[in-house]
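[1] predicted model follows, preceded by the sequence.
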Amino acid sequence: MSLWTASEIATAVHGEASADFAVTGVTFDSREVGPGDLFVALTGEATDGHRFLAGAYANGAGGAIVSTPGAGPAVVVADTMAALEDLGRAARARTAATIIGITGSVGKTGTKEALAAALDRAAPGRTHWSVKSYNNHTGVPLSLARMPAATRFGVFEMGMNHAGELTALTGMVRPHIAIVTAIAPAHTAFFSGEEAIADAKGEIFQGLEPGGTAIIPFDSPHRDRLIAAARPHAARIVTFGLGEGADVRALDTVSVNNGGGSFVCARVGARELSFTVSQPGAHWVSNALAVLAAVDAAGGDLGLAGLALADMGGLPGRGQRFLTSVGGGDALVIDESYNANPSSMRATLAVLAATPGRRIAVLGGMRELGADSGDYHAALAGPIDEAGISRAILVGAEMAPLAAALEGRVDFVHVADAAAAREALRAMLAAGDAVLIKGSNGIGLSAVVAALADSGMAGVAD
């Protein structure tokens, strides 16, 4: 079945179709174009998507949205970015799906994936969600445009690093349910403090549909601020957390599988249920509670949600675990290479602390932390001590304050970049080790993970 026809696209984006066509997918990245896709030729400061039109058609694109006509079937518009936004709005307008929007300083991608898996159990094949971290001004309309009309549940991640950005995104998504996972120091270079971050995250509630539900972290010091932001827009406010008084609350948690997950007894309103969270760490218990709150608000099946949480695999760059061959045996790799802020660093170091074996941490600099960046980095010395780290590899100039704080406390090396980190890890990794790799995406530690995934250090001795 087609996702869009040429006439539907032309109507949605106020353009003119050069020919009749139908498409089954949408992308603005020519490298992702597959047979039957719609290619949106975005024009940016660095490049122009129109340069890749021929390649998109060669890869099987069924049509394109362009501002300059090419050799293949297309809908011609004045502004392709505006057209992508209009197509996303049209997709949202034509569906009767229950829409859930998710934001937060940490945990939003994992929560989005877990919630999508939980809802897909109840509506197989009729649950749609944003892929990867498509959560910005281009990713959100693209994710909307990809949503089939017959979708039952739609789950959309929304991110921001400046005030006002979520207002625009939530206005496109128009969620029935809006979740804030957590507030933490992230992008602090662009905010006066955590209160301002909370205010910016609270913008998600402005897009709530009438009768909508706001889901808020009960244990957050910014809970009341978020509730105040939600109250003018939400018919119902639900809190989740560990504290007495949370609407969705973990009554008891027990670590299982050698710290590789948690068994949770929880109360959801007047009901109690027990389930396993396959992902390790207290932050994943919190994510799971947010998922249960959203499933309940969406009229989903809590029992099936529990099964989905037990089956969740780790996400690349966000907690995925795998074994790599080294020194005649295997070492465990915990891949947290996609992003980092002070809160997520502490959480994942606590996960490493519960992991058997000699513990190695490869930690990249945390970016966009503003004037307090040095203090935030130095403050990681305590969590590193508490995690029982045997060796640490600190990557990037931002890590200099942490290196100074660790002097004489932990065996570490401070290197300039990911390539040097890979060589340092090559020299120390041994069978039986557990290595955590985490840093801001711009540090490039995913290359270190890729080398390990390819068993590129196989045969290295202690």
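    Looks like it arrived, so ask away. Numbers count the residues shown, from 1 in each chain.
[2] would you agree residue 219 is in contact with residue 245?
    No - look at residue 219 against residue 245 with Cβ atoms under 8 Å: they stay out of range, at 10.1 Å. Heads up, the C-betas are built off the backbone N, CA and C, glycines and all.
[3] tell me the centre residue of this protein?
    The centroid of the chain falls nearest to residue 109 when counting by Cα atoms, centre = their mean (2.2 Å).
[4] quick check: what element follows whatever helix or strand it lives in along the chain?
    Taking DSSP states H and E as the definition, one finds residue 109 inside helix 108-122. Next along the chain after helix 108-122, taking DSSP H and E as the criterion, comes strand 127-129.
[5] following that next one, which helix or strand shows up next?
    That would be, after strand 127-129 and using DSSP H and E, helix 139-145.
[6] for the next helix or strand after that next one, which helices and strands make contact with it?
    Using DSSP H and E, the next helix or strand after helix 139-145 towards the C-terminus is strand 153-157. Contact analysis of strand 153-157 by 3 or more Cβ pairs under 8 Å, 6 or more residues apart in numbering; DSSP states H and E lists strand 98-103, helix 108-122, strand 127-129, helix 139-145 as its packing neighbours.
[7] looking at these, which is buried most?
    Compared across the helices and strands packed on strand 153-157, strand 98-103 shows the largest average neighbour count, a mean of 28 (mean count of other Cβ atoms under 10 Å).
[8] next, the angle from it to helix 108-122.
    Interaxial angle of strand 98-103 relative to helix 108-122 (axes from the mean of the first three to the mean of the last three Cα atoms, to 10 degrees): 160 degrees.
[9] what pairs with residue 323 across the strands?
    residue 332 (DSSP bridges).
[10] domain ranges for the chain?
    4-80, 95-311, 320-453 (automatic domain parsing).
[11] closest one to residue 86 among those?
    When the domains of the chain are compared by Cβ to Cβ, domain 4-80 sits nearest residue 86, at 4.6 Å.
[12] what average pLDDT does that closest one get?
    On average, the pLDDT along domain 4-80 is 95.
[13] follow-up on the earlier one: how about the domains of the chain in CSV, adding distance to residue 88?
    Shown next, in CSV, are those (distance: least, Cβ to Cβ, whole Å):
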stretch, distance to residue 88
domain 4-80, 9
domain 95-311, 3
domain 320-453, 24
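[14] what's the closest of the ones you listed to residue 87?
    domain 95-311 (4.3 Å).
[15] any idea of the mean pLDDT for the helix or strand residue 414 falls within?
    Secondary-structure element containing residue 414, defined by DSSP H and E: strand 411-415. Taken as a whole, strand 411-415 has a mean pLDDT of 96.
[16] elements contacting it?
    Using 3+ Cβ pairs under 8 Å, 6+ apart, strand 411-415 sits against strand 391-395, helix 400-406, helix 418-428.
[17] nearest to residue 7, of those?
    Of all those, it is helix 418-428 that lies closest to residue 7, at 48.2 Å by Cβ to Cβ.
[18] which neighbouring elements make contact with the closest one?
    If you count contacts as 3+ Cβ pairs under 8 Å, 6+ apart, helix 418-428 packs onto strand 359-364, strand 391-395, strand 411-415, helix 446-453.
[19] these: which one's closest to residue 94?
    In terms of Cβ to Cβ, the element of those nearest to residue 94 is helix 446-453, at 36.8 Å.
[20] check what pLDDT the residue nearest to residue 136 when sequence neighbours are not counted gets.
    Nearest non-adjacent residue to residue 136, counting by Cβ to Cβ, 6 or more residues apart in numbering: residue 159, 5.9 Å away. pLDDT for residue 159: 91.
[21] pLDDT (mean, whole number) over the helix holding residue 109?
    Mean pLDDT, helix 108-122: 94.
[22] tell me what that helix is packed against?
    strand 98-103, strand 127-129, strand 153-157, helix 282-297, helix 302-311.
[23] if you set the cut-off to 10 Å instead, what comes out?
    strand 98-103, strand 127-129, strand 153-157, strand 177-180, helix 282-297, helix 302-311 (3 or more Cβ pairs under 10 Å, 6 or more residues apart in numbering; DSSP states H and E).
[24] mind showing which ranges of the protein have poor pLDDT?
    185-190, 258-259, 455-462 (pLDDT under 70).
[25] common neighbours of residue 219 and residue 245, please.
    Overlap of the contact sets of residue 219 and residue 245 (by Cβ atoms under 10 Å, 6 or more residues apart in numbering) consists of residue 239.
[26] the more surrounded of those two?
    Legend: neighbour count by other Cβ atoms under 10 Å for residue 219 and residue 245, higher for residue 219 (15 against 8).
[27] what's near enough to touch the more buried one?
    Contacts of residue 219 (Cβ under 10 Å, 6+ apart): 182, 239-243, 246, 249, 286, 289.
[28] make sure residue 181 is actually in contact with residue 158.
    No - here residue 181 does not reach residue 158: they are 11.3 Å apart, not a contact under Cβ atoms under 10 Å.
[29] other SSEs contacting the host helix or strand of residue 346?
    In this structure, residue 346 sits in helix 342-353 according to DSSP H and E. Where contact means 3+ Cβ pairs under 10 Å, 6+ apart, helix 342-353 is packed against helix 282-297, strand 329-336, strand 359-364, helix 373-378, helix 381-386, strand 434-438.
[30] now find how far off-centre the third one is within its chain.
    Which is strand 359-364. 21 Å (Cα atoms, centre = their mean, to the nearest Å).
[31] who touches both of residue 181 and residue 158?
    Joint contacts of residue 181 and residue 158 (Cβ under 10 Å, 6+ apart) are 102-104, 108, 112, 201.
[32] the stretch 151-300 of the chain: helices as residue ranges?
    Applying DSSP state H, counting those that start in this stretch to the stretch 151-300 of the chain gives helices spanning 165-173, 194-201, 223-230, 282-297.
[33] most tightly packed of those helices?
    helix 282-297 (a mean of 26).
[34] report the backbone C-alpha coordinates of it in PDB.
    Presented in PDB, the C-alpha positions along helix 282-297 are these (Å, rounded to 0.1, in the frame of the first residue of the first chain):
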ATOM      1  CA  ALA A 282      17.900   2.900  38.200                       C
ATOM      2  CA  HIS A 283      17.400   5.300  35.300                       C
ATOM      3  CA  TRP A 284      15.900   2.400  33.300                       C
ATOM      4  CA  VAL A 285      13.500   1.700  36.200                       C
ATOM      5  CA  SER A 286      12.400   5.300  35.900                       C
ATOM      6  CA  ASN A 287      12.000   5.000  32.100                       C
ATOM      7  CA  ALA A 288       9.900   1.900  32.600                       C
ATOM      8  CA  LEU A 289       7.600   3.700  35.000                       C
ATOM      9  CA  ALA A 290       7.100   6.500  32.400                       C
ATOM     10  CA  VAL A 291       6.300   3.800  29.800                       C
ATOM     11  CA  LEU A 292       3.600   2.200  32.100                       C
ATOM     12  CA  ALA A 293       2.100   5.600  32.700                       C
ATOM     13  CA  ALA A 294       1.800   6.300  29.000                       C
ATOM     14  CA  VAL A 295       0.500   2.800  28.100                       C
ATOM     15  CA  ASP A 296      -2.200   3.200  30.800                       C
ATOM     16  CA  ALA A 297      -3.100   6.700  29.500                       C
END
